[in-house]
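J.: curious how this folds, go ahead:
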Amino acid sequence: MHAPASRKEKANSHEALIAILQSAPPARGGAVQHGLEGGASRRGVTGYALVIVLMVALLLGVSLAGLMLGSVHIPGGTALAILANLVFGDALVEPDWRTAYETIVVQTRMPRVFLAALVGASLGVTGMTIQSIVRNPLAGPSILGVSSGAATGAVVVMRWGLLGFGAFTLHISAFLGGLVTLFVVFWVARTGGQMTPTRLVLAGVAMSAILSALTSLIVLTSPDPQLASRVLFWTLGGFGTAQWKLIPIPLAALALGLGVMLVQARRLNLLMAGDESAVALGLNVQRFRQSMFVLAAALTGITVAVSGVIGFVGLIMPHIVRFLVGADHRRALPVVALLGASFTIGADLVARTVIAPLELPVGIVTALVGGPFFIWLLRRDARALGGAR
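T.: Modelled structure (predicted):
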């Protein structure tokens, strides 16, 4: 049923990875899957455990830096002592620091670091899942137009002052905007009772363009001269409004979403091998793809609702993780969550320190880092694939 793998694909796991990233056709699915599993098994349990340890260490390091650095510098030892006192009380660590330091760490920087980590992890796992179900390495969390829909929902509320529930009104309206956009994209993409990845991507791109234009029109026609600056948060992202009360929803969404993705990891691997191979092995491709699209869109809508639109995290992190641990979702999903969290915390740290006391939108930092890296990655893979031929 499948064409046999070439000798180069069997001998070189990097070429197998390129084949996956370039969305190999279904006829070669068996070869790609064989190369994927072979590359992952050769790395071994020890190598994977080392990657996990390094990712955890990186996350802890950037989190500590996030607590220390800012418009007010707090020594690392003091920040750790404040954390220990918060967890264990005065019995273990006697407070000997300024009260202002504790307020800054506990009430301002900790919720910001937590929220950035949750958003980065959610975007990372969502990006990896979407790239698998559409079998396109250029796909990301914004591909379905959900990010643009969420931003438009928030802007509509700000433009007409519909803030009945305070700050939560913006988050609710952003989520509802993303949800409505998803339904419209599904309706446009459905033909003959089925949705193909290509039609979904095209419908999502079209909706993103329409909603971006609508958002710009709302801002330009608003009598409020300050609306444009407030809209920047929703179009470029940021964590300046982070509060402890915002943490539970994205935390629960990430735990649920990542748990479902890990349970469905084998099926995601099957999709990477091609629809024909997946169907032959008993997978209802249409139903599974639709359910995973809904899950990815829900996670994206929740992250946009609390942080605005932050690009390139869900696009770049999956590529890095595949180079580190392979494309097996059972291994890759936990790593991409850790790496995405670290990257977003680091981007937020740069955004609030590079021109302190002013802040840059986090989306600017992620674009400046992720854009050139993605171009380099595409060029490198193109040269490698050309050399293999």
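J.: quick one: name whatever helix or strand follows the stretch of helix or strand Met261 belongs to.
T.: Here Met261 sits within helix 248-263, counting by DSSP states H and E. Remark: after helix 248-263, the chain's next helix or strand is helix 265-272, criterion DSSP H and E.
J.: and that next one, how far from the chain's centre?
T.: Taking CA atoms, centre = their mean, to the nearest Å, one finds helix 265-272 lying 19 Å from the centre of the chain it belongs to.
J.: distance from whichever helix or strand comes after it to the middle of the chain?
T.: Downstream of helix 265-272, the next assigned helix or strand under DSSP H and E is helix 275-280. Distance of helix 275-280 from its chain centroid, counting by CA atoms, centre = their mean, is 28 Å.
J.: next SSE after helix 275-280?
T.: Trace forward from helix 275-280 with DSSP H and E and the next one is helix 285-307.
J.: list the buried residues for that next one?
T.: Of the residues in helix 285-307, those buried by neighbour count under the rule 16 or more other CB atoms under 10 Å are 285, 288-290, 292-293, 295-307. Backbone N, C-alpha and C define where each C-beta goes, glycine included.
J.: any chance you could give me the helix holding Met261 in CSV, C-alpha atoms only?
T.: Taking C-alpha atoms only, helix 248-263 is exported to CSV below (Å, rounded to 0.1, in the frame of the first residue of the first chain):
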residue,chain,number,x,y,z
PRO,A,248,-7.1,30.1,36.6
ILE,A,249,-8.9,30.1,33.2
PRO,A,250,-5.8,29.8,30.9
LEU,A,251,-4.2,27.3,33.4
ALA,A,252,-7.3,25.1,33.3
ALA,A,253,-7.5,25.4,29.5
LEU,A,254,-3.8,24.4,29.1
ALA,A,255,-4.1,21.5,31.4
LEU,A,256,-7.2,20.2,29.6
GLY,A,257,-6.0,20.9,26.1
LEU,A,258,-2.5,19.4,26.6
GLY,A,259,-4.0,16.4,28.3
VAL,A,260,-6.3,15.7,25.3
MET,A,261,-3.5,16.3,22.9
LEU,A,262,-1.2,13.8,24.7
VAL,A,263,-4.0,11.2,24.7
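J.: which SS state does the residue nearest to Val56 when sequence neighbours are not counted fall under?
T.: Using CB to CB, 6 or more residues apart in numbering and skipping residues adjacent in sequence, the residue nearest Val56 is Leu338, 6.5 Å away. Assigned by DSSP: H, G, I helix; E, B strand; the rest coil, the conformation of Leu338 is helix.
J.: list the contacts of Leu338.
T.: Going by CB atoms under 8 Å, 6 or more residues apart in numbering, Leu338 touches 52, 55-56, 58-59, 121.
J.: burial measure for Asp328, as a count.
T.: Look at Asp328: counted by other CB atoms under 10 Å, it has 22 neighbours.
J.: measure it to Pro318 for me?
T.: According to CB to CB, to the nearest Å, Asp328 stands 13 Å off from Pro318.
J.: how close does the spatially most central residue of the chain sit to Leu80?
T.: For the chain, Leu123 is the residue whose C-alpha lies nearest the centre (CA atoms, centre = their mean; 1.2 Å). Distance, Leu123 to Leu80, using CB to CB: 28 Å.
J.: then Gly66?
T.: 13 Å.
J.: the two: which has the busier surroundings?
T.: Gly66 (24 against 15).
J.: which ones are touching that one?
T.: Taking CB under 8 Å, 6+ apart as the contact definition, Gly66 lies against 109, 112-113, 116, 345, 348-349.
J.: thank you kindly, that will do.
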